[in-house]
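Engineer: predicted model follows, preceded by the sequence.
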Amino acid sequence: MQQLTLIRPDDWHLHLRDGALLNSTVPASARVFNRAVIMPNLVPPVTTVAMALDYRQRIMSALPPSMSFEPMMALYLTAETSAAEVAKAASDPHIIGFKLYPSGATTNSAAGVKSVEALAPVLEAMQEHQVPLLVHGEVTDGDIDIFDREKVFIDRHLVPITTQFPALSLVLEHITTGDAVDFVSQANDKVAATITPQHLLMNRNDLLVGGVRPHNYCLPILKRREHQQRLQQAALSGSPKFFLGTDSAPHVKANKETSCGCAGCYSAPAAIELYAEFFSQHDALDKLENFASRFGAEFYGLPLNQQRLTLTRSEWAVPQSLETADGSIVPYYAGQSLQWQLAELG
Ligand code: NCD
Ligand code: ZN
């Protein structure tokens, strides 16, 4: 096969940041994706519908007139989030859900949730108004090993939440373990997960063997190969519970290549090509369209995109570095070659 045409895909987990950097990040995603769930971990966090609509406006201002793109805004859940804000979010077509960040779990999560149990009233409201809950599923306790934090979060928090709120739509974001695959597979059809390109293509050896590779450092951290294989099987299974969410999360080079570097991989400049690489490696390119363009939309109850995107088999290399208004950014997979290239969107 030399050419592959898909329904235009969507990215169900994306960090665009803010300010002048939007002039780089928005076109990088809009070149491929029609819709994207925009993560709210700005400083200050995007906690209200009003803030999200302002942020959405700034995103749309950075979109070149020749491109189309629909940001679907996620609000940042805090201990102060009210049932009234949930109702407001439910009635606004630009808001897709609330993102739960355990406080301290990742980049700009200080304002996040310290007690998941205390969220019960707001989760009740989300269930009632059918507003999805998007979850960064890691505990943050100092005594829990970083490689175990996803599993402990599932056991401690997600099993109780899905038992108490069986009609709540819940997306476990950027899953990294076989434990997460099992949890999502065994849960009802209100529960799904996104999978990033880096967790399909890499495991912790790619982070740590032969030297520390800061551009492969993201959270939740890459796990051992057995977990990577479970994620690969989930993506290849054709189960509609597993779909594309890049978690593209740019940080300038100076904040990655340093003594205490930031977590996040900037995958947007090669996102669909990275997923194509993975499916191609497993001789399963026929599974890419459902994963990238159908299952997420169906989960969220949204129509499939009308446009088509064509990839051609033609080797290219991801750029070593990209210049942005905030400084140089090293994209994920920089300098490495990919077999599939974007040819056409229309
Ligand atoms: C994300 C970021 O930089 O905003 N980082 C990451 O490693 N994935 C936050 C997140 O999704 O955890
Ligand atoms: Zn993220």
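Structural biologist: Here it is on my side, so go on. Ligands and ions are numbered 1, 2, ... in the order given.
Engineer: could you use CA atoms for every contact and neighbour count after this?
Structural biologist: Fine.
Engineer: and residue 56, what element?
Structural biologist: helix 49-61 (DSSP states H and E).
Engineer: buried stuff in that helix?
Structural biologist: Neighbour-count burial for helix 49-61, counted by 16 or more other CA atoms under 10 Å, picks out 49, 51-53, 55-56, 58-60.
Engineer: packing partners of it?
Structural biologist: Here helix 49-61 touches strand 70-76, helix 83-90, going by 3 or more CA pairs under 8 Å, 6 or more residues apart in numbering; DSSP states H and E.
Engineer: of those, which is nearest ligand 1?
Structural biologist: strand 70-76 (12.1 Å; CA to the nearest ligand atom).
Engineer: next, the angle helix 49-61 makes with the closest one.
Structural biologist: 150 degrees (axes from the mean of the first three to the mean of the last three CA atoms, to 10 degrees).
Engineer: please list the residues of the stretch 201-346 of the chain that sit near ligand 1.
Structural biologist: Listed as neighbours of ligand 1 in the stretch 201-346 of the chain under the rule CA under 6 Å from any ligand atom: 218-219, 247, 249, 263-264.
Engineer: turn the helices and strands packed on helix 49-61 into a markdown table, columns for mean neighbour count, distance to residue 297 and mean pLDDT.
Structural biologist: Converted to a markdown table, the helices and strands packed on helix 49-61 look like this (neighbours: other CA atoms under 10 Å; distance: least, CA to CA, whole Å; pLDDT from 0 to 100):
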| stretch | mean neighbour count | distance to residue 297 | mean pLDDT |
| --- | --- | --- | --- |
| strand 70-76 | 25 | 12 | 98 |
| helix 83-90 | 18 | 17 | 98 |
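Engineer: which parts of this protein are strands?
Structural biologist: Shown for the chain, the strands assigned by DSSP state E span residues 3-7, 11-14, 35-38, 70-76, 95-100, 133-135, 170-172, 191-195, 242-244, 308-317, 322-324, 327-329, 337-345.
Engineer: list the contacts of the helix holding residue 56.
Structural biologist: Contacts to helix 49-61, defined as CA atoms under 8 Å, 6 or more residues apart in numbering, come from residues 18-19, 22, 26, 40, 46, 71, 73-75, 85, 88-89, 94-95.
Engineer: so can I have JSON lines of the residues of the stretch 201-346 of the chain next to ligand 1 showing neighbour count and pLDDT?
Structural biologist: Below are those laid out as JSON lines (neighbours: other CA atoms under 10 Å; pLDDT from 0 to 100):
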{"residue": "218", "neighbour count": "22", "pLDDT": "98"}
{"residue": "219", "neighbour count": "20", "pLDDT": "98"}
{"residue": "247", "neighbour count": "30", "pLDDT": "98"}
{"residue": "249", "neighbour count": "23", "pLDDT": "98"}
{"residue": "263", "neighbour count": "20", "pLDDT": "98"}
{"residue": "264", "neighbour count": "24", "pLDDT": "98"}
